[in-house]
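# Return atomic coordinates for the entry below.
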Amino acid sequence: MNLERNRNEDWMKMKWSETRQMIDKIKLGGGASSIAKQKEKNKLTPRERIELLCDKNTSFTEIGIFAGWGMYEEYGGCPAGGTVAGIGYVSGRQCVIVANDQTVKAGAWFPISGKKNLRLQEIAMENKLPIIYLVDSAGVFLPMQDEIFPDKEHFGRIFRNNAIMSAQGITQIAAVMGACVAGGAYLPIMSDETLMVEGNGSIFLAGSYLVKAAIGEDIDNETLGGAVTHTEISGIADYKFPTEQACIEHIRKIMSKLGEPTKAGFNRVTPKLPAKPVDEICSIMSEGNAKPYDVREIIEHLVDEGEFDEFKKDYGKTILCGYARIDGWAVGIVANQRLIVKSKKGEMQMGGVIYNDSADKAARFILNCNQKKIPLVFLQDVTGFMVGSRSEHSGIIKDGAKLVNAVANSVVPKFTIITGNSYGAGNYAMCGKAYDPRLIFAWPSAKIAVMGGEQAAKTLLQIQVSAMKAKGKSLSAEEEQQMLQNIKGKYEQQTTPYYAAARLWVDGIIHPAETRRVISEGITAANHNPDMAALKTGVFQV
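Okay, the predicted model is just below:
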């Protein structure tokens, strides 16, 4: 490995080290004192519950660990959105697991908590995966009730999804290990089976204090809605257990008896290692993604034996398309090319920019993958579509629309990895969050925004300076430079992958070497859903 590659690797490792430190802090949830209080009640933390539930020596793909990062600081923050969740294996079955974190504001729901829980239900519905809820929540976070309670994508949507999943035959299991209050009480009861832990688990529409205030009745929470009450009197719950460990073991027993699902039938052969070591993938991108690189090198570190059958290799060179296998799964790859390349006319084209011919090629390739029932993988490092009179006169908007149309109407599972830039309409065309990727993850090197920080800051500066001049005010060169730096700093903070992950624009931030595993897990999940409709537009020469 040459000196430049060593520098590249050091930079990416430093970026991941920063990410890892943030993750370690998030995993503490509400902090050591809150965890200690859990232990005093003989309760496990959500991460301990998930570890005990999942099969040993299997992977757990966490979703939304950065949810809420840097948000709600006036309330003390909301690490991981107050919920630990992801895709794991229980008794050999791949499933979605959602665990409230009682150490974070008693498991109360912030706006981002609702968004995260809905995302996990979406994953379960899209992939027809069983979903397990480990319930321990005080309900809606009242100071922000107006932002979590009434709207379509708010708290109540979760119970609507419970009903929809039940109708779709998706197994739902709820284990009540702590409080389950008010509207939240509907979740376990709308699940297929409800388990409760004695002494800690409780389900009621109103707790003892509210009951006293509302109707004057004196009653304790255990008598009102504890495990004994709901398994022996109301009949609401199906099982009660003396400990969380016993409860979790019974979930495993239930999962072990589920019938085999019908598969989608995506093609898979015996997996083979990539041609180049996965752990050397960090050496490709330069610091700040400032220099061009050949995206084929990234692909060689991801696909089995480095085999990549490139589609229209000599046409539309700023997007690479081709067939390959990742961990044995057949995939179609659509990747932005960051090299400065020559067109067939001998003209130079900027890497990372989508031109007319690249959009045409990618749209056709996506149609082909739908025709062949091959999942799609998008590797995003895009600065947008080409601008200027020549592109406009050539119909770049029309060609871009073809690509966006193909992505939007694609019915095969789509998986997106943002490795570098993800700017403007390029984010859409390369299957950003708005285009329903089954999973979307970012590398620590990712940047997500309408445009790059430098260009955006200069544009915003021009607007502000013009507004001041219109009012008869003027700035010195030094003042303009300071204003530019202030704008740029704020804008660039909003382009980081952490900002995006906090708002669930991406499902998480992963080490580049994890890319292959995450894509494979995603296709394994997608293979559980046999409902594959035909793409309505068919295949045509776009």
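# Was I right to think residue 236 contacts residue 203?
Yes - counting by C-beta atoms under 8 Å, residue 236 does reach residue 203; the two are 6.5 Å apart. Yep, even glycine has a C-beta here, placed from its N, CA and C like the rest.
# got any residues that touch both of those two?
189, 230 (C-beta atoms under 8 Å, 6 or more residues apart in numbering).
# what about these two, which has more around it?
residue 203 (27 against 17; other C-beta atoms under 10 Å).
# distance of that one from residue 107?
14 Å (C-beta to C-beta, to the nearest Å).
# One more: residue 201?
For residue 201 relative to residue 107 (C-beta to C-beta), the value is 13 Å.
# overlap in contacts of those two?
By C-beta under 8 Å, 6+ apart, the residues touching both residue 201 and residue 107 are residue 178.
# Hmm, residue 100 and residue 136 touching each other?
Yes - counting by C-beta under 8 Å, residue 136 touches residue 100, with 4.5 Å between them.
# For those two, list the residues in contact with both.
With C-beta under 8 Å, 6+ apart as the test, residue 136 and residue 100 both reach 46, 107, 178.
# Closest one to residue 85 out of those residues, please.
residue 46 (8.8 Å; C-beta to C-beta).
# and the closest one, what does it touch?
Contacts of residue 46 by C-beta under 8 Å, 6+ apart are 29, 83, 84, 99, 100, 101, 102, 134, 136.
# Show me which of those is closest to residue 92.
Among the contacts of residue 46, and counting by C-beta to C-beta, the member closest to residue 92 is residue 134, at 19.3 Å.
# In which helix or strand does the closest one reside?
strand 131-137 (DSSP states H and E).
# In the stretch 151-300 of the chain, mark out all the helices, start to finish.
Counting by DSSP state H, counting those that start in this stretch, the segments of the stretch 151-300 of the chain that form helices are 157-167, 186-189, 208-215, 221-225, 227-228, 244-256, 295-302.
# Mind giving me the packing neighbours of the third one?
Helices and strands in packing contact with helix 208-215 are listed as helix 221-225; criterion 3 or more C-beta pairs under 8 Å, 6 or more residues apart in numbering; DSSP states H and E.
# Would you map the helices across the stretch 351-500 of the chain?
356-372, 389-393, 396-409, 424-429, 453-470, 477-494, 497-502.
# could I get those as a markdown table with mean pLDDT and mean neighbour count?
What follows is these, written out as a markdown table (pLDDT from 0 to 100; neighbours: other C-beta atoms under 10 Å):
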| stretch | mean pLDDT | mean neighbour count |
| --- | --- | --- |
| helix 356-372 | 95 | 23 |
| helix 389-393 | 84 | 11 |
| helix 396-409 | 93 | 19 |
| helix 424-429 | 94 | 22 |
| helix 453-470 | 77 | 14 |
| helix 477-494 | 79 | 14 |
| helix 497-502 | 97 | 22 |
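# of these, which approaches residue 34 most closely?
helix 497-502 (20.8 Å).
# Run a quick neighbour tally on the residue nearest to residue 7 when sequence neighbours are not counted.
With C-beta to C-beta, 6 or more residues apart in numbering as the criterion, residue 7 has its nearest non-adjacent residue at 6.9 Å, and that residue is residue 287. By other C-beta under 10 Å, 14 other residues sit near residue 287.
# Now flag whichever of the shared contacts of residue 136 and residue 100 is closest to residue 505.
Nearest to residue 505 among the shared contacts of residue 136 and residue 100, with distances taken as C-beta to C-beta, is residue 46, at 23.5 Å.
# What separation is there between the closest one and residue 297?
For residue 46 relative to residue 297 (C-beta to C-beta), the value is 39 Å.
# what residues does stretch 296-306 touch?
Contacts of stretch 296-306 (C-beta under 8 Å, 6+ apart): 271-278, 280-281, 284, 308, 320, 322, 324-328, 331, 333, 335, 379, 419, 515-516, 519.
# how far out from the middle of the chain is that stretch?
23 Å (C-alpha atoms, centre = their mean, to the nearest Å).
# same check, this time on stretch 252-264
25 Å.
# quick one: contacts of that stretch?
Against stretch 252-264 from outside (C-beta under 8 Å, 6+ apart): 53, 90-93, 95, 128, 130, 132, 171, 173, 193, 373, 526-532.
# Sort out which of those residues are buried, if you could.
The neighbour count (16 or more other C-beta atoms under 10 Å) marks 53, 90-91, 93, 95, 128, 130, 132, 171, 173, 193, 373, 526-529 as buried among these.
# coming back round to it: rank the helices of the stretch 151-300 of the chain by mean pLDDT and give me the bottom one.
Lowest mean pLDDT of these: helix 208-215, a mean of 87.
# Quick check: buried residues in it?
208, 211.
# can you list the residues that contact it?
206, 217, 218, 219, 220, 221, 224.
# Emit the PyMOL select command for whichever of those residues are buried.
Buried members of the contacts of helix 208-215, defined by 16+ other C-beta under 10 Å, are picked up in PyMOL with:
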select buried, resi 206+221+224
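# and the worst-scoring helix or strand of the chain on mean pLDDT with helix 477-494, angle?
Every helix and strand of the chain was ranked by mean pLDDT, DSSP states H and E. The lowest is helix 453-470, at a mean of 77. Helix 453-470 and helix 477-494 meet at an angle of 130 degrees, taking axes from the mean of the first three to the mean of the last three C-alpha atoms, to 10 degrees as the criterion.
# elements contacting helix 453-470?
helix 477-494.
# Identify the residue nearest residue 454 in space, chain neighbours excluded?
residue 488 (7.0 Å).
# Please tell me I have it right and the residue nearest to residue 7 contacts residue 9.
No - Residue 287 lies out of contact with residue 9 (C-beta under 8 Å); the separation is 10.6 Å.
# So what does the residue located most distally from the centre of the chain look like in phi/psi?
Using C-alpha atoms, centre = their mean, the residue of the chain lying farthest from its centre is residue 472. It sits 47.9 Å away. Dihedral pair for residue 472: phi 80, psi 20, per degrees, to the nearest 10.
# Repeat that for residue 521.
The phi/psi pair for residue 521 (degrees, to the nearest 10) is phi -60, psi -40.
# May I have the beta-bridge partners of the nearest residue to it once chain neighbours are set aside?
Spatial nearest neighbour of residue 521, excluding adjacent residues (C-beta to C-beta, 6+ apart): residue 61 at 5.1 Å. Note on residue 61: beta-bridge partners by DSSP bridges are residue 87.
# go on, residue 132?
residue 97, residue 173.
# Show the contacting residues for it.
Applying C-beta under 8 Å, 6+ apart, the residues near residue 132 are 53, 90, 95, 96, 97, 98, 172, 173, 174, 175, 251, 255.
# In the buried ones among the contacts of stretch 252-264, find the pair that's most separated.
193 and 373 (34.1 Å).
# low-scoring stretches of the protein, by residue?
1, 453, 533-542 (pLDDT under 70).
# Show me what the longest helix seen in it is in contact with.
Across the chain, the longest stretch assigned as helix under DSSP state H is helix 3-26. Contacts to helix 3-26, defined as C-beta under 8 Å, 6+ apart, come from residues 1, 65-66, 69, 79-80, 280, 282-288, 443-445, 498, 509, 511-512.
# just to revisit the earlier point, I'd guessed the residue nearest to residue 454 sits against residue 457; true?
Yes - when contacts are counted by C-beta under 8 Å, residue 488 is listed as touching residue 457 (3.8 Å).
# Just the strands from the stretch 251-400 of the chain, written as ranges.
309-310, 319-326, 329-336, 341-342, 348-349, 353-354, 376-382, 384-385 (DSSP state E, counting those that start in this stretch).
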